[in-house]
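Undergrad: coords below, sequence missing:
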């Protein structure tokens with residue numbers, strides 16, 4: 001289970017960095033003025049994080065790739081909702097709440113369904 005939780009952490013970290021890479025332009029002048037630098041500075045660390053997260057999740061699920069796809073997707077939805085709500089001030093409406101619940105359901109399916 002250690003591999004799983006470390007992978008979830010890495011997926012959340014990677015998705016968080018992606019959020020700042022792609023959305024930083026809307027609240028950070030430097031990011032808006034330097035999109036290529038944002039791409040160069042963020043892309044390699046993000047790639048390494050996702051490679052390691054995928055390795056750990058595949059180890060946890062005995063060589064299966066699909067669970068990692070669902071976990072990465074769910075962490076993307078969750079981190080996007082959190083950062084968009086906190087940083088951009090876009091509240092969490094009913095549609096977002098349902099999406100978050102579905103993402104949590106995806107995670108729970110991966111954790112509990114053997």
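TA: Yep, it's here. Only a predicted model underlies this, so the values are computations on that prediction, with no experimental measurement involved.

Undergrad: Okay, buried residues for the longest helix along the chain please.
TA: What stands out as the longest helix in the chain, according to DSSP state H, is helix 35-60. By neighbour count with 16 or more other Cβ atoms under 10 Å, helix 35-60 contains the buried residues 38, 42, 46, 49-50, 53-54, 56-58, 60. No exception for glycine: its C-beta is placed from N, CA and C like everyone else's.

Undergrad: what does stretch 101-113 give?
TA: Those would be 103, 106-107, 110, for stretch 101-113 by 16+ other Cβ under 10 Å.

Undergrad: So for that stretch, mean pLDDT?
TA: Average pLDDT, stretch 101-113: 91.

Undergrad: got it, and stretch 13-21?
TA: Averaged across stretch 13-21, the pLDDT comes to 98.

Undergrad: hmm, back to that, for the longest helix of the chain, packing partners?
TA: In terms of contacts (3 or more Cβ pairs under 8 Å, 6 or more residues apart in numbering; DSSP states H and E), helix 35-60 is packed against helix 2-23, helix 66-86.
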